[in-house]
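Participant: Quick check, what structure comes out for this input:
(one chain, ligands or ions: 1)
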Amino acid sequence: MRLEGLGMGGHPLYLKPRLGPRLGSLLESPGVLNTLTDALGSPLHVVIPDQIAANLEQFRSVYGRHHLSGQVFFAHKGSRSSALLRRLAATDAGVDVASLGELQHALGAGFTPDRILATGPKNPEFLWLAARTSVTVSVDSRDELEQLSALIRKCSLPRADVLLRLSGFDVPGVRVLSRRSRFGTPAAELVPLLEAAERHSDAVDLVGMAYHLDTTSLAEKATALEGCLRALEECRSRGLRPCAVDIGGGFGISYLADGEQWERYTTELTAAVLGARPPLTWGGHGYGLRNEGGTLRGSLGLYPAHRPVAGARYLDQLLSHPAASLGGRPLGALLVEHLYDLHTEPGRALLDQCGLTLAKVLEVREQEPGGELLVRLAAKADDVGLEEHGVLMDPVLIPRPDRRTADQPVAVHLFGSLCLETDLITRRTVFLPRRPEPGDLLAFVNTAAYCMDFHATRAQQQPVARKVAAWQEGGSWRWCLDDQYWPTTSVGGAQ
Ligand SMILES: *Cc1c(COP(=O)(O)O)cnc(C)c1O
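Facilitator: Here you go, the predicted model:
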């Protein structure tokens, strides 16, 4: 069999997406997807509100298994969808907001202030609305604590519950240091921070300690959690009574169905960078790797697209991890013994399998006869967003219903619709099971977290993609515009 355009005599290097039942069912409904893009244009985002409720249940069951109480705060940052937020408001989850707009969105979606946590860098308006509505504030620094306290006094606002966010943990006797962060107060400056909290106790009530680390390393997170437990001990010795630990987000998604495909792809990419095989990317891009006189340098700047453990199972592993500096007991058991609440702030993990992005194929041509195919889509790289976040994963080809082209793998490069050399949907050479044709759809799955609307622009006056919410009812898919969705719209359950 001739592998058209593969040009390397090899086999296609697929990176097949992992598909849960809801996304899988939607992709098997090409009639719905074609109707949607015919009516609303390309690109088009589809979100699946019932999935976020199902993901929450996974986190709740880990809490149950470890006998822990506390709140799961969805990190709003990862998605601007109203439908997903409103569906979550109909559960018992909380939401972590990191801007004035996100706080207003959460209040408007039906989250009561006791279910909202304000994190991240804050401007005075954001602080004011948080304090005015009695939202708990995760305080980033001593300056912010001073600023909040002053605002509360000046505007006669109610006393605010606060968590203190720490960073830069350094646990004695443990080799793994937690990564540096721009956010949070260095753990070494805990005492002056607590002194400030005591000084401002008329305005703020210290309810717990927090961290958030943007890392996949379990050891680093365990070190940070131990650091928070020590900080809580310090509070108790001073007569303060905080009772919660907030361990932030970063539980992650495993995007790919097959770990071997991922291993094989990264091995071949390394070989390509070293010149041992033809390039696997546009212009020989190395995703952070480079060849210096025959030696491999740099490091792979990609999201680990296949993760053996991610999401709620990652939380489970962290809680089962022994606290090296605290007698080796599992971290979860230590939290239970001290009767501490555990708060989490999953963003990406709660958005797993919650959406996809559809793009119509506009043009397919060969760069040179028999060479790789150049495929132009009715979408910009920013609409898909996977590349920006270092997630390498194949789109799913959805041929027009009348098309019957034979299955024969092809190598393609995917371009966006901007008049810009750099508007590549991905720099990776993508292998598809058959040649796409104009009018076909490519479905980029699992884009709800950070991809579909984080970078949306109106570059070249091209419209921002529309977003619809879809749910299953009586064996078929129904949909509405994202901002028209309310939990009364769908009666879909969390299972
Ligand atoms: C971004 C962020 C999160 C969510 O991180 P994910 O990796 O999406 O789970 C949680 N908490 C804070 C403070 C954040 O900045």
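
Participant: Residue 440 versus residue 228, what's the distance?
Facilitator: 51 Å (Cβ to Cβ, to the nearest Å). Where C-beta positions appear, they are placed from N, C-alpha and C, glycine not excepted.

Participant: same deal with residue 232?
Facilitator: 56 Å.

Participant: what residues does the stretch 101-250 of the chain put near the ligand?
Facilitator: Residues of the stretch 101-250 of the chain found near the ligand, taking Cβ under 6 Å from any ligand atom as the criterion, are 119, 120, 212, 248, 249, 250.

Participant: show me the contacts for the closest residue to residue 294 other than its chain neighbours.
Facilitator: In this structure, residue 294 finds its nearest non-sequential neighbour in residue 274, 7.1 Å apart by Cβ to Cβ, 6 or more residues apart in numbering. By Cβ atoms under 8 Å, 6 or more residues apart in numbering, residue 274 lies in contact with 291, 294, 296.

Participant: For the second one, grab the count of nearby residues.
Facilitator: Using other Cβ atoms under 10 Å, residue 294 is surrounded by 7 other residues.

Participant: which residues of the stretch 201-350 of the chain fall in strands?
Facilitator: 204-210, 244-246, 289-292, 295-298, 341-343 (DSSP state E, counting those that start in this stretch).

Participant: can you list these in a markdown table and add mean neighbour count and mean pLDDT?
Facilitator: Shown next, in a markdown table, are these (neighbours: other Cβ atoms under 10 Å; pLDDT from 0 to 100):
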| stretch | mean neighbour count | mean pLDDT |
| --- | --- | --- |
| strand 204-210 | 23 | 98 |
| strand 244-246 | 25 | 98 |
| strand 289-292 | 14 | 95 |
| strand 295-298 | 12 | 96 |
| strand 341-343 | 21 | 98 |
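
Participant: Go through the ones you listed and name the closest to residue 108.
Facilitator: The minimum distance between residue 108 and the strands of the stretch 201-350 of the chain falls on strand 341-343, with 22.9 Å, by Cβ to Cβ.

Participant: helices and strands around the closest one, which ones?
Facilitator: Using 3 or more Cβ pairs under 8 Å, 6 or more residues apart in numbering; DSSP states H and E as the contact test, the elements touching strand 341-343 are strand 204-210, strand 244-246.

Participant: Would you mind finding the longest helix in the chain?
Facilitator: Longest helix in the chain by number of residues (criterion: DSSP state H): helix 218-237.

Participant: tell me the angle of that helix relative to strand 204-210?
Facilitator: 150 degrees (axes from the mean of the first three to the mean of the last three Cα atoms, to 10 degrees).

Participant: Wait, residue 265 touches residue 11, no?
Facilitator: No - using Cβ atoms under 8 Å, residue 265 makes no contact with residue 11, being 11.5 Å away.

Participant: These two - which one has more neighbours?
Facilitator: Applying other Cβ under 10 Å to residue 265 and residue 11 shows that residue 265 carries more neighbours, namely 21 against 11.

Participant: Tell me the spatial nearest neighbour of that one, not counting adjacent residues.
Facilitator: residue 13 (5.1 Å).

Participant: Give the burial count for the spatially closest residue to residue 438 that is not a sequence neighbour, as a bare number.
Facilitator: By the measure of Cβ to Cβ, 6+ apart, the closest residue to residue 438 outside its immediate chain neighbours is residue 361, 5.4 Å from it. Using other Cβ under 10 Å, residue 361 has 23 neighbouring residues.

Participant: Is it correct that residue 361 falls within a helix?
Facilitator: No - with DSSP: H, G, I helix; E, B strand; the rest coil as the criterion, residue 361 is assigned strand and is not in a helix.

Participant: OK, contacts around it?
Facilitator: Counted by Cβ under 8 Å, 6+ apart, residue 361 has contacts 375, 376, 377, 378, 436, 437, 438, 439, 440, 441, 442.

Participant: any idea of the mean pLDDT for stretch 466-480?
Facilitator: Mean per-residue pLDDT for stretch 466-480: 96.

Participant: wait, I meant stretch 373-390
Facilitator: For stretch 373-390, mean pLDDT is 94.

Participant: any residue of that stretch up close to the ligand?
Facilitator: No - Stretch 373-390 lies out of reach of the ligand by Cβ under 6 Å from any ligand atom, never closer than 10.5 Å.

Participant: can you tell me the residue of the stretch 251-400 of the chain closest to the ligand?
Facilitator: Relative to the ligand, the nearest point of the stretch 251-400 of the chain is residue 347 (2.5 Å; Cβ to the nearest ligand atom).

Participant: Pop out the phi and psi values for that residue.
Facilitator: For residue 347, the backbone dihedrals are phi -110, psi -80 (criterion: degrees, to the nearest 10).

Participant: For the residue of the stretch 51-200 of the chain at minimum distance from the ligand, what are phi and psi?
Facilitator: Scanning the stretch 51-200 of the chain for proximity to the ligand using Cβ to the nearest ligand atom identifies residue 75 as nearest, at 3.4 Å. With angles defined as degrees, to the nearest 10, residue 75 sits at phi -80, psi 100.

Participant: Count the neighbours of the residue nearest to it when sequence neighbours are not counted for me.
Facilitator: Leaving aside its sequence neighbours, residue 75 sits nearest to residue 347 (Cβ to Cβ, 6+ apart; 3.2 Å). The number of residues packed near residue 347 is 23, by other Cβ under 10 Å.

Participant: Residue 347 contacts residue 84, doesn't it?
Facilitator: No - taking contacts as Cβ under 8 Å, residue 347 lies outside contact range of residue 84: 11.3 Å.

Participant: give the contact list for the one residue in the stretch 151-300 of the chain that gets nearest to the ligand.
Facilitator: Distance from the ligand to each residue of the stretch 151-300 of the chain (Cβ to the nearest ligand atom) is smallest for residue 249, at 2.6 Å. Contact analysis of residue 249 by Cβ under 8 Å, 6+ apart lists 75, 96, 212, 344, 345, 346, 347, 348, 349.

Participant: Other residues contacting stretch 296-314?
Facilitator: 15, 55, 58-59, 61-62, 216, 218, 251-256, 258-259, 261-262, 266, 269-270, 273-274, 286-291, 317, 346, 349, 352, 389-393.

Participant: I'd like the list of those that fall within helices, please.
Facilitator: 55, 58-59, 61-62, 218, 259, 261-262, 266, 269-270, 273, 317.

Participant: And the strands in the stretch 1-150 of the chain?
Facilitator: Using DSSP E, counting those that start in this stretch, strands in the stretch 1-150 of the chain cover 44-47, 73-75, 94-97, 116-118, 136-139.

Participant: one step back: if I look at the residue nearest to residue 265, how far off is the ligand?
Facilitator: Distance, residue 13 to the ligand, by Cβ to the nearest ligand atom, to the nearest Å: 27 Å.

Participant: hang on, the earlier thing: setting aside sequence neighbours, what's the nearest residue to the residue of the stretch 151-300 of the chain closest to the ligand?
Facilitator: Distances taken as Cβ to Cβ, 6+ apart put residue 345 closest to residue 249, at 4.3 Å, once the chain neighbours are dropped.

Participant: Am I right that that neighbour is in contact with residue 119?
Facilitator: Yes - using Cβ under 8 Å, residue 345 is in contact with residue 119, at 7.1 Å.

Participant: list residues touching both of the two?
Facilitator: Listed as contacting both residue 345 and residue 119 by Cβ under 8 Å, 6+ apart are 96, 212.

Participant: For the residue sitting furthest away from the middle of the chain, what are phi and psi?
Facilitator: What lies farthest from the middle of the chain is residue 369; by Cα atoms, centre = their mean that is 40.4 Å. Dihedral pair for residue 369: phi -50, psi 130, per degrees, to the nearest 10.

Participant: contacting residues around the residue of the stretch 51-200 of the chain closest to the ligand?
Facilitator: Counting by Cβ under 8 Å, 6+ apart, residue 75 touches 96, 98, 249, 345, 346, 347, 350.

Participant: No further questions, thank you.
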